[in-house]
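S.K.: Need a 3D model of the sequence below.
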Amino acid sequence: MLAAGGADGVCYVARDWIDGDFHWSPPVLEHAGVVAAHPKAPPVNDLRDLAGRPLGTVYAYRYTQFERELGPQFLRDDAPSMLINLRKLAAHRTDYALTELITLEYHNKLHPKDGLKAALHTIRYRTHCAFTLAHALPLERLDQAIKDMVRDGSVERILARYR
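M.R.: Numbers count the residues shown, from 1 in each chain. Have a look, this model is predicted:
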């Protein structure tokens, strides 16, 4: 949709998540990926400990680190969103789910009795906004607005609501 010009932009994406030629904004958010675990799940010390185990994943998301390190032993258990995966995890339909630390923190804020934990930190990455090149957008102004929001703490204040 974005590449075809059906949308002007999308935020909260990393460069290796979507295909196409876009204008990429400066970094907006820094994230930490985690393996979330049910309280009764066995400990995880390394990604290889997850080989052959079903992992809660999000449909159509790319998990390049897991694909590369686990190969065919990376067993996806797809759901429509990270939060739904965490609900499945809380119901103990699986032992582990791949998510972001902020998403796990938000879930735990809403459902503290679930006791979900970060079993393993996986990767740190930055997300950006990607803008279509199909339209004449004020890209410099958009980039400046994003920089201003990061610099003045607006982005961090928004995120604080979820922690």
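
S.K.: Now do the residue nearest the centre of the chain against residue 18, distance only.
M.R.: With distances taken as CA atoms, centre = their mean, the residue of the chain nearest its centroid is residue 100 (4.9 Å). The spacing between residue 100 and residue 18, counted by CB to CB, to the nearest Å, is 17 Å. Any C-beta I mention is one placed from the backbone N, CA and C, and that applies to glycine too.

S.K.: pretty sure residue 122 contacts residue 47?
M.R.: Yes: counting by CB atoms under 8 Å, residue 122 touches residue 47, with 7.1 Å between them.

S.K.: re the thing from before, could you report the neighbour count for the closest residue to the residue nearest to the centre of the chain other than its chain neighbours?
M.R.: On the basis of CB to CB, 6 or more residues apart in numbering, the spatially nearest residue to residue 100 that is not a chain neighbour turns out to be residue 31, at 5.0 Å. Using other CB atoms under 10 Å as the criterion, residue 31 is surrounded by 16 other residues.

S.K.: With residue 40 instead?
M.R.: Neighbours of residue 40 under the rule other CB under 10 Å: 8.

S.K.: Double-check that it belongs to a helix.
M.R.: No: under the criterion used here (DSSP: H, G, I helix; E, B strand; the rest coil), residue 40 is coil, not part of a helix.

S.K.: Pull up the per-residue confidence for it.
M.R.: pLDDT recorded at residue 40 is 95.

S.K.: Phi, psi for the nearest residue to it once chain neighbours are set aside please.
M.R.: Closest residue in space to residue 40, ignoring its immediate chain neighbours: residue 92 at 7.2 Å, by CB to CB, 6+ apart. Note on residue 92: its backbone torsions stand at phi 60, psi 40 [degrees, to the nearest 10].

S.K.: And for residue 92, the neighbour number?
M.R.: Using other CB under 10 Å, residue 92 has 12 other residues around it.

S.K.: likewise residue 72?
M.R.: The burial count assigned to residue 72 is 8, neighbours taken as other CB under 10 Å.

S.K.: where does it land in three-state SS?
M.R.: helix.

S.K.: Is it correct that the residue nearest to the centre of the chain is in contact with residue 36?
M.R.: No: between residue 100 and residue 36 there is no contact under CB under 8 Å: 9.4 Å.

S.K.: No further queries at this time; thank you.
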